[in-house]
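Chemist: this one's structure only:
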C-alpha cells in the first residue's frame, strides 16, 4: 500500500511538473523571491482588473489608452516569463539566477518603452531615433527568448523565419513567386515594435482587453471549488450508466472548459480522477486516456467561454462575441454529444457496466426525474430572462442595482442550501470501492458556483456588453463569492470561526490572482510573438502572394486548399499553442480560402473560415507525435503516449470533419436560418447526422456493423449534413441573368436580399481578377439606390455592365470590387425543390440499417444467428 501511495505521489508530481512547464512556469523559488514573484503576478491581475473597470473614468485617474495598456501587459508577461521559466532543463528551479533577473528587467523595460516614451513617440511620427531602434532590436530578442522559455522553440523559430523574410525576401534563394524588395533595419524595427502593426497589434490587444480577464475568471472559479463541483455533478449524473465514468469525463471536461483555457490542465484536472475509474469499468489504458484527451481538448470550442483564439475572431472577423458564440454553438454541442455516444458504443461492445449508486430508482423514475429537471431548467431560464427584461424596461438604467440585490438573494439562498450538505471533497479513484453520491445533494452543494457564469452570459448575450466588461463583472462577483462563501457557510452551520474562514477566502483570492497571471504568461508572449508574423504579412504583402502561391500549388481546387490549410494547422500546432497557431494560419490562409472560394463560385463567410482554422489548431493538441494533451493523459493512465494519441485522434474525427461540413453548409453555424422552428430542425438533423457518423466510424450501431453498413451510414450522415450537394447535381442553384438587366432585377428583389454577381477585371496591382461576390441590398428602393447601398455605381457600355464607382468603406469595397470591373453575370436564386427532400431516402436507408441490425442483434441474443 505504501509503495502504491509513493508511486501515485510521484505520478501526481510529474503531472504537476508537466502543467508547470507548459502553463505556469516550472520554477518554484522560496523565501523572499517567491514573495516577489507572487506580488508581481498579483499586481498584474490587479492592473488588468483596474483596466477593465469603470473606475478610471469615474475618478479620472489611471486611464490608459489601448497602446499603453498593451505595453504594460507585455512588460508583465515578459518579466514573469524570465523569472518563472528556467532557461534550460538543467537550470535551477529553486532560485532565480542573476542573468535571468537582468534579462527580465531588460525585457520588461523594452516592452514598457512604448508606455514610458509614449508622448515622445506620438509627437514625432518621423524616422525612429537610435534609442528607439536599440530598444526595438533588444526587445525583439528578449521577446523571442521569453517565447522560447514559455512555449518552447517552435513559435520562436517560426517568428525568426518571418523576420528573415522581412530582411532577405529579395534573395536569389527565395522562389520568384515569394520574393519582395526587402526592408531596412530601421523600417522593420519601427514596423514591428514602434507601431501597432506588429508586436503591439490586434492579437496582443485582445490578450490585454479580453483574454486575461477570462483566464483570471476561470482561475478564481477553480480555486473556489467549481472544478471539483463540476466533476462531482457529472459523476453523480452519469456515473451509473454503461461506461459511466467515461461519459462523466466528457461532461465534466465540457464544464471544466469554462474555467480552463488549457487542454493539458483540463486533462490533468479531470483525468486524474476519471481515467482510473474508466479503467476500472473496462476501458483499456489507451482508450481511457483518449476519451479524456478528446473531451478535454474540445473544451476550447465550447461556448459561452471558448479558447483565447475565439476572442481574436472578434477583431479579425469584425463581429461581436455573442455572434461568435452563436456560430460556434451547434458544432461544439453535436461534437460533445457524439463523443458521449462513442463512449456508449465502446461500452456496448465491451458489455461494460457503470458504478454503484446510493439509491437505485427504476428506469421510469430516472426518466421522469430527468424530464422534470430539464423542463424545470428551461422554464426557470425563460422566467429569469423575461423577468429581467421586464425589469430593464421598467427601471431603465437603475435596473443594475435591483439585479445586484436579486443576485445577492439567490447567492445567499444557494449557500443556505449548500450549508446543509457536507463540502464536496474529491474522492480517491484508487480506492477499491467507490459509491456515487446522490445527484440532488451534490448539485445543491455548489449551485452558487453557477451564478458568476450566469452573470457572465447575461452581460455577454443579453446586455451585449464587451467581453472585457462582462468578464470584469463576473470576476468581481467571483471575488465576492470566494471571500464570503466560507464564513457564510460557517454562520449557517453555527460554527464560530468566521474570521479564520474569511482569512482562508482572502488567501484563496490571492492564490487565484497569482495562478491566473501565471497562466497568462504563455498567452501574453504568444500573442506578442505571433504579432511579428502578422506584422510581416502587413509589411511585405505576402498575404496576396500566398493567394497566388497556393492557387498555383493547388491548381485552384478549393478542397485541396482546405486540406492544405488543415495540414498546415496540424503541423504548426505540434509546436505552437492554439492561440499562436490560429493567428499564424488565419493571417496567411483565411484570405486565401475566401478569395479562391470566390473564384470557384463559393461564397465562404469569413467566420466559417476562421472557425475552420480554429478547429484544426485545437486538433494539434491531440495529434501524434507531439500531442501534449495525449502525453498528459498517458502519464495518468500508464499507456503508451503515441497509442493514446492515435486513439484520441480517431475519437476526434467528428471534430475534424465538422469544419469541412460547415464551410459548405453554413446552416450548421446558424447562418441563413430565418425562424426558430428552422433552427430547431437544423439542430435536430445535425445531432442525428453526427450520431450516425459516430456509429459508422466506430463500426457499431445496434450491433457490430458490416462494411457495407458502415459505408451506408457514412452516406446517410453526409446527406443529412449536406443535402444541397445532391440537389445541386439535380437542379442548378442559380439562374444566370443578363447583366444589362441589373438595375431592373435589383429593384424587384425583396427587402434585405443579397445580390450574387460574377465579376472580372484588373486590380490596381495589375492582377487579373475573376470571382463571385455577394452584396447586401438593404430595404426596398429603386435599383440605382439599392446598388449604391451595396457600394457600387454601374455604367452600361453597349450592353456590357461595368462598375463605374465604388463607395469608400462600403460592402462592395470590403469584398474586393474595384473601379472598372465588368459584371459578367447576375445569379438569382433558382426556384427549385427544397433540399430537405433528400432527407427522405437518407432516413429510409437509416431505417433499413436499423431494422437489419436489430434483427441480427436479436438473433444473436437468442442463439439463432
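Modeler: Perfect, I can see it now. Here the structure is a predicted model, which means the values were calculated and not measured.
Chemist: let's test this: mean pLDDT of whichever strand or helix holds residue 166, rounded?
Modeler: For residue 166, the enclosing helix or strand under DSSP states H and E is helix 153-168. Averaging pLDDT along helix 153-168 gives 87.
Chemist: moving C-terminal of it, what's the next helix or strand?
Modeler: helix 185-193.
Chemist: tell me the buried residues in that next one?
Modeler: By 16 or more other Cβ atoms under 10 Å, the buried positions in helix 185-193 come out as 188, 189, 190, 191, 192, 193. For the C-beta atoms, the positions are set from N, CA and C on the backbone; glycine is no exception.
Chemist: find the nearest non-adjacent residue to residue 758, please.
Modeler: residue 825 (4.1 Å; Cβ to Cβ, 6 or more residues apart in numbering).
Chemist: what's the helix or strand for the one you found?
Modeler: Assigned by DSSP H and E, residue 825 falls in strand 822-829.
Chemist: what's the local residue count around residue 562?
Modeler: When counting by other Cβ atoms under 10 Å, one arrives at 23 neighbours for residue 562.
Chemist: tell me how far it lies from residue 254.
Modeler: To residue 254, residue 562 is 27 Å away according to Cβ to Cβ, to the nearest Å.
Chemist: what bits of the stretch 1-150 of the chain have low per-residue confidence?
Modeler: Residue ranges of the stretch 1-150 of the chain with pLDDT under 70: 1-26, 125-126.
Chemist: show me where it has its helices.
Modeler: Using DSSP state H, counting those that start in this stretch, the helices of the stretch 1-150 of the chain run over 2-19, 31-52, 55-59, 66-84, 98-116, 118-123, 130-151.
Chemist: check the stretch 401-550 of the chain too.
Modeler: Under DSSP H, counting those that start in this stretch, the stretch 401-550 of the chain gives helices at 439-444, 450-457, 467-492, 498-540, 542-554.
Chemist: list the helices and strands the helix holding residue 166 packs on?
Modeler: helix 130-151, helix 185-193, helix 498-540 (3 or more Cβ pairs under 8 Å, 6 or more residues apart in numbering; DSSP states H and E).
Chemist: now those helices in CSV, with distance to residue 862?
Modeler: CSV is the format used below for those (distance: least, Cβ to Cβ, whole Å):
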stretch, distance to residue 862
helix 130-151, 59
helix 185-193, 73
helix 498-540, 57
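Chemist: just these: most buried one?
Modeler: Mean neighbour count (mean count of other Cβ atoms under 10 Å) peaks for helix 498-540 among these, with a mean of 23.
Chemist: mean confidence score for it?
Modeler: 88.
Chemist: give me the residues contacting the helix or strand harbouring residue 644.
Modeler: When elements are assigned from DSSP H and E, residue 644 belongs to helix 641-651. Helix 641-651 is contacted from outside by 285-287, 289-291, 293-294, 297, 339, 342, 619, 622-625, 627, 629-631, 633-635, 637, 697, using Cβ atoms under 8 Å, 6 or more residues apart in numbering.
Chemist: report how many residues lie close to residue 32.
Modeler: 8.
Chemist: contacting residues around it?
Modeler: By Cβ under 8 Å, 6+ apart, residue 32 has no neighbours at all.
Chemist: separation between it and residue 43?
Modeler: 16 Å.
Chemist: let me see the contact set for residue 287.
Modeler: Contacts of residue 287 by Cβ under 8 Å, 6+ apart are 278, 346, 647.
Chemist: helices of the stretch 651-800 of the chain, residue ranges please.
Modeler: Under DSSP H, counting those that start in this stretch, the stretch 651-800 of the chain gives helices at 653-664, 676-698, 707-721, 724-730, 742-748, 783-790.
Chemist: make a markdown table out of those and add mean pLDDT.
Modeler: As requested, the helices of the stretch 651-800 of the chain are arranged in a markdown table below (pLDDT from 0 to 100):
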| stretch | mean pLDDT |
| --- | --- |
| helix 653-664 | 84 |
| helix 676-698 | 90 |
| helix 707-721 | 94 |
| helix 724-730 | 88 |
| helix 742-748 | 87 |
| helix 783-790 | 87 |
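Chemist: so which of the ones you listed gets nearest residue 246?
Modeler: Nearest to residue 246, of all those, is helix 676-698, at 13.5 Å by Cβ to Cβ.
Chemist: and the contacts of the closest one?
Modeler: For helix 676-698, using Cβ under 8 Å, 6+ apart, the contacting residues are 330, 333-335, 337-339, 341-342, 345-346, 650, 653-654, 657, 667-668, 670, 673, 701, 705, 710-711, 713-714, 716-717, 720-721, 839, 846.
Chemist: list the buried residues in the helix holding residue 166.
Modeler: 154, 155, 156, 158, 159, 162, 163, 165, 166.
Chemist: and the third one, how close does it get to residue 310?
Modeler: Taking Cβ to Cβ as the criterion, residue 156 is separated from residue 310 by 25 Å.
Chemist: now do the first one
Modeler: The span separating residue 154 from residue 310 equals 22 Å under the rule Cβ to Cβ.
Chemist: what does the second one give?
Modeler: According to Cβ to Cβ, residue 155 and residue 310 sit 20 Å apart.
Chemist: before we move on, what about residue 324?
Modeler: Using Cβ to Cβ, which is the criterion applied here, residue 324 is 6 Å from residue 310.
Chemist: residue contacts, residue 44?
Modeler: By Cβ under 8 Å, 6+ apart, the neighbours of residue 44 are 76, 80, 517, 520.
Chemist: export those to CSV and tack on distance to residue 273?
Modeler: Listed next are the contacts of residue 44 as CSV, based on distance: Cβ to Cβ, whole Å:
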residue, distance to residue 273
76, 33
80, 30
517, 27
520, 26
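Chemist: relative to residue 69, which of the residues you listed is nearest.
Modeler: residue 76 (11.0 Å).
Chemist: can you list the domain ranges for this structure.
Modeler: Annotated domains of the chain cover 22-195, 204-495, 541-620, 744-831 [automatic domain parsing].
Chemist: can you tell me the closest non-neighbouring residue to residue 638?
Modeler: Nearest to residue 638 is residue 285, by Cβ to Cβ, 6+ apart, at 5.4 Å.
Chemist: what's the neighbour count on the one you found?
Modeler: Neighbour tally, residue 285, other Cβ under 10 Å: 20.
Chemist: ok, now which ones touch it?
Modeler: So residue 285 contacts 279, 637, 638, 639, 644 (Cβ under 8 Å, 6+ apart).
Chemist: can we see that at 7 Å?
Modeler: Residue 285 sits next to 279, 637, 638, 639 when contact means Cβ atoms under 7 Å, 6 or more residues apart in numbering.
Chemist: how about residue 352?
Modeler: 242, 243, 281, 282.
Chemist: rewinding a little: for the domains of the chain, give me TSV that also has distance to residue 730.
Modeler: Output for those, formatted as TSV (distance: least, Cβ to Cβ, whole Å):
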stretch	distance to residue 730
domain 22-195	40
domain 204-495	27
domain 541-620	18
domain 744-831	11
